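Engineer: sequence unknown, structure follows:
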C-alpha cells in the first residue's frame, strides 16, 4: 500500500507506540504516547482540537474534538476497541468534511497487530 509521506511518518510513530505498549490500554494513553512520538519525530500536531460545526449559517460549538490534527492536514482518530465499526469510519469522514481535510487515519490500538487495525480514508 502506497501512502503519502506524512501518513507514513504518522504510521511509523503509531507502530512504535504499539510495539512498546501493545494492546489493552485506554485510548487516552495511546494519544499521549503518540504526542511524544510526534515531538521526537519533529511532527507538528494539535491534540483534542475543537471542531466548530457550521449549520445553516450558524457556527456551533457541538463538542466535536479531533484526537490528533497533524501538520494541519491529516486527521488521526485513535481507538482502543475490539474492532473498528462503520460508525468509526463515519465519524472520521464527517470530521474530515467539517475540517476540510482530504486525508484521515483511523488507528485501533487494541489490535494484536496494528496493521490489522489501521485504515486510511481519503475524500
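Structural biologist: That came through, no problem. Everything quoted here is computed from the prediction, not taken from an experiment.
Engineer: contacts, neighbours, all on C-alpha from now
Structural biologist: OK.
Engineer: for the protein, give me the ranges with low pLDDT.
Structural biologist: Where the chain drops to pLDDT under 70, the residues are 1-3.
Engineer: report the central residue of it.
Structural biologist: residue 76 (1.6 Å; CA atoms, centre = their mean).
Engineer: now that one: how far from residue 17?
Structural biologist: Distance of residue 76 to residue 17, given as CA to CA, to the nearest Å: 14 Å.
Engineer: show me what counts as buried in the longest strand along the chain.
Structural biologist: If you go by DSSP state E, the chain has its longest strand at strand 58-70. For strand 58-70, the buried set under the neighbour-count rule, 16 or more other CA atoms under 10 Å, comprises 66, 67, 68, 69, 70.
Engineer: the lengthiest helix in the chain: what's the following helix or strand?
Structural biologist: When the chain is parsed with DSSP state H, its longest helix is helix 5-21. Note on helix 5-21: by DSSP states H and E, the next helix or strand toward the C-terminus is helix 27-41.
Engineer: what is the burial count for residue 94?
Structural biologist: 12 (other CA atoms under 10 Å).
Engineer: next one: phi and psi at residue 112?
Structural biologist: Phi and psi for residue 112, reported as degrees, to the nearest 10, are phi -60, psi -40.
Engineer: nearest residue to it in space, please, no chain neighbours.
Structural biologist: Nearest non-adjacent residue to residue 112, counting by CA to CA, 6 or more residues apart in numbering: residue 23, 6.4 Å away.
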